[in-house]
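**Student:** kindly return the folded structure for what I paste below:
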Amino acid sequence: MLLSAAAVRHSADRILTLALDGLLDDWVVDLDLLPLTADFVASVVRERYPQADPPLHARWRHFVFTGRDLWREIATTRQWHSPAAAARAAIDLVTTSVLLDAGASAGWRYHDADTGLIATRSEGLALASLRWFQSGSLSDDPLDPLRVDAAALKRIDTFSLEEAFQSTATDPLLGSEGRAALLNRLGAALQARPELFALNDLPRPGGLFDAFTLRAHNGVLRASVILETLLDGLGSIWADRPILDGVPLGDCWVHPALQGATPAQGYAPLHKLSQWLTYSLIEPLEIAGIRVCGIEELTGLAEYRNGGLFVDTGVIMPRDSAAWSQLYRVSDPFVVGWRALTIALLDRLAPPVRTRLGVAPAAFPLACMLEGGTWAAGRLIAREKRANGGPPFSILSDGTVF
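**Tutor:** All right, here's what the predicted structure looks like:
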């Protein structure tokens, strides 16, 4: 019951209700400031997309630099023997790239020799992961470099990852050891579930294309099915995460304010990277002929750009002024509550943003607001508030959440 988007939304709403009733220890919420936040987000959307038509929030946006779609440039040089083959390669790339995107230290940067670009943060991580994939270092087939094999993932070590991501002693990549270990566990998970990842090939993330083809009905696949498949198949890749009744819960945490008749009701599921991966799988599936429906069933993403937006606009504020200078773990109730409030408030922000833009929900789903949108607005206001443009709070990261 915790491994779904519906569970994420339900839990987040419970925590918001507690906050509005004054029953949350760490946070206060001021909904009177939400209209001003909607004004700000709508203005950012208009600036970035004058026709109010942003695409879905997906990893593919981060492969575009100065108008150049670097993945498209790579993909068009390859003669794919079928749309399915192209989809499998795209899923290989985006899966590893999303899982590697959990924030980078402020000083880290990636210099791309092919373009001369210097990229940081999410864009830098995207570019580094793209070039790593392109190099064939994640493939076990010398004749097919544009693939990711489970066996190759299991061989990755911290040194090879830091080399690929140009991590140095002076400008280190945050959590590189944790990221390498995550890819090792991904390789093991792929091998353990051939019915998901190896129906027509050796175990690889792209094997999901064949699993999703079987799960589609008349060529249509629900986004919630994508997410639930990911949460089932990849649950074992997350280290030091809660396990309930033998089931690994992933990005799902106990929160003391949540009470219920069963242990599961005490958890706040968030599933940030899994949901972002779900959003990012939609395009390669649709290009290959599988239409994805029910995208609105997914939630916003509980990460520090969206969460920082609500803090920096004053919609949510910590009760204790000492919070600004403390160091938190991702499992701390302070962080879990912040992330859950972010999800619930994104749902409440979407209607007034649409009203200001004059667009209907069908034309401007939540995923478009994230892209248009709250993520960009969160980054913009962070730069105004803090010299390094980072999150409003200090959070100890292992490279798999923040």
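
**Student:** tell me which residues touch the residue lying closest to residue 197 once chain neighbours are set aside, please.
**Tutor:** Setting aside the residues directly before and after it, residue 197 is nearest to residue 207 in space (CB to CB, 6 or more residues apart in numbering), at 3.8 Å. The way it works is simple: take the backbone N, C-alpha and C, and place the C-beta from them, glycine included. Neighbouring residues of residue 207 by CB atoms under 8 Å, 6 or more residues apart in numbering: 88, 190, 196, 197, 198, 199, 200, 201.

**Student:** assumed residue 207 was part of a helix.
**Tutor:** Yes: Residue 207 sits within a helix when classified using DSSP: H, G, I helix; E, B strand; the rest coil.

**Student:** still on that earlier bit, now that we have the contacts of residue 207, which one has the most neighbours?
**Tutor:** residue 190 (29 neighbours; other CB atoms under 10 Å).

**Student:** and the strand or helix carrying that one, what does it pack onto?
**Tutor:** Applying DSSP states H and E as the criterion places residue 190 in helix 176-192. Other helices and strands packing on helix 176-192, by 3 or more CB pairs under 8 Å, 6 or more residues apart in numbering; DSSP states H and E, are helix 83-99, helix 150-155, helix 158-164, helix 194-197.

**Student:** can you check what angle separates the first one from helix 176-192?
**Tutor:** This means helix 83-99. Here the directions of helix 83-99 and helix 176-192 differ by 140 degrees (axes from the mean of the first three to the mean of the last three CA atoms, to 10 degrees).

**Student:** buried residues in helix 83-99, which are they?
**Tutor:** The neighbour-count check on helix 83-99 (16 or more other CB atoms under 10 Å) flags 84-99 as buried.

**Student:** follow-up on the earlier one: of the helices and strands packed on helix 176-192, which is nearest residue 317?
**Tutor:** Closest of these to residue 317 is helix 83-99, at 30.6 Å (criterion: CB to CB).

**Student:** can I get stretch 140-154 in PDB, CA atoms only?
**Tutor:** The C-alpha trace of stretch 140-154 is given here as PDB (Å, rounded to 0.1, in the frame of the first residue of the first chain):
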ATOM      1  CA  ASP A 140      29.300  -5.400 -22.100                       C
ATOM      2  CA  ASP A 141      29.000  -5.500 -25.900                       C
ATOM      3  CA  PRO A 142      31.900  -3.800 -27.800                       C
ATOM      4  CA  LEU A 143      29.800  -3.600 -30.900                       C
ATOM      5  CA  ASP A 144      26.900  -2.000 -29.100                       C
ATOM      6  CA  PRO A 145      28.100   0.800 -26.900                       C
ATOM      7  CA  LEU A 146      24.700   2.500 -26.500                       C
ATOM      8  CA  ARG A 147      23.400   0.100 -23.900                       C
ATOM      9  CA  VAL A 148      23.600  -0.600 -20.100                       C
ATOM     10  CA  ASP A 149      24.300  -4.200 -19.000                       C
ATOM     11  CA  ALA A 150      23.700  -5.500 -15.500                       C
ATOM     12  CA  ALA A 151      27.100  -7.100 -15.400                       C
ATOM     13  CA  ALA A 152      28.800  -3.800 -16.300                       C
ATOM     14  CA  LEU A 153      26.900  -2.000 -13.600                       C
ATOM     15  CA  LYS A 154      28.100  -4.500 -11.000                       C
END
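
**Student:** no further questions, thank you.
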